[in-house]
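A.B. asks: Have a look at this fold, sequence not included:
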């Protein structure tokens, strides 16, 4: 398996999320768009997007928090990845360390519980851990800011992305070593924030929409919440 393929499973999840959010923008109810998940919408979000002229969204980032738990007792290791699905799956954020108080502060689940539209996220987690075990983790692909020029047209936006990517590059190898030393521990996953670029009718970026996924073992008990919206300044 090539290094680039370790993140490839995020693509079907990104497509599903984009279709659902764009269906909401076209007038479909959030519960219907995200069925069988329980969809939630921040009350003011619909009006904010309408006033901003938002016509579609493009997923920019999904944050995945992998946690490694010792078999008996001890601190929990966190491996947090920010994965950008387009134009090719790549890392934009990397963090690793020990969680305070030895436990995750998010709702996490074993990978085998992930089903349906969220199953690809578990595939990403397994694939990344294979890269950790094989020593290929430091070669996981990083975002190329030059490939985002059409979506991030301003110099400031591109400079921010370049800075974040450089930070991820610096942290990647140490994070991989930290996690590799604990790879035999039990692995759980907690999806965290998802960030969408909000586009107007001309495809221009006018803001960001944040979403949050909480997996509770089954789709019927889980929810996806849209909002808040952050206009570009």
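C.D. replies: Perfect, I can see it now. What you see is a predicted model; the values in this text were computed from it and never measured. Numbering: from 1, shown residues only.

A.B. asks: Report the separation between the residue nearest the centre of the chain and residue 69.
C.D. replies: Taking CA atoms, centre = their mean, the centroid of the chain lies closest to residue 62, which sits 1.2 Å from it. Using CB to CB, to the nearest Å, we find residue 62 at a distance of 22 Å from residue 69. (C-beta placed from N, C-alpha, C; glycine too.)

A.B. asks: Stretch 134-154: which residues count as buried?
C.D. replies: The neighbour-count check on stretch 134-154 (16 or more other CB atoms under 10 Å) flags 136-143, 145, 148, 151-152 as buried.

A.B. asks: I'd like the mean pLDDT over the host helix or strand of residue 46, please.
C.D. replies: Per DSSP states H and E, residue 46 falls inside helix 45-52. Across helix 45-52, pLDDT averages out at 94.

A.B. asks: Each with direction, which strands does the very next helix or strand once past that helix pair with?
C.D. replies: Using DSSP H and E, the next helix or strand after helix 45-52 towards the C-terminus is strand 56-69. Its sheet considered, strand 56-69 pairs with strand 77-84 (antiparallel), strand 186-199 (antiparallel) by DSSP bridges.

A.B. asks: Just the strands from the chain, written as ranges.
C.D. replies: 38-41, 56-69, 77-84, 90-98, 109-110, 186-199, 205-214, 223-231 (DSSP state E).

A.B. asks: hang on, the residue nearest to the centre of the chain packs against residue 13?
C.D. replies: Yes - using CB atoms under 8 Å, residue 62 is in contact with residue 13, at 7.1 Å.

A.B. asks: Have a look at the protein and report its longest helix.
C.D. replies: When the chain is parsed with DSSP state H, its longest helix is helix 155-180.

A.B. asks: any common contacting residues for residue 62 and residue 13?
C.D. replies: 85, 121 (CB atoms under 8 Å, 6 or more residues apart in numbering).

A.B. asks: Could you list the low-pLDDT ranges of this protein?
C.D. replies: 1-4, 100-107 (pLDDT under 70).

A.B. asks: give me that answer again for 80
C.D. replies: 1-5, 71-74, 100-107, 149-150, 153-154, 183-184, 233 (pLDDT under 80).

A.B. asks: Need the residue in it that's farthest from the chain's center.
C.D. replies: residue 72 (29.8 Å).

A.B. asks: What spatial separation is found between that one and residue 33?
C.D. replies: 44 Å.

A.B. asks: same deal with residue 224?
C.D. replies: From residue 224 over to residue 33 (counting by CB to CB), the distance is 9 Å.
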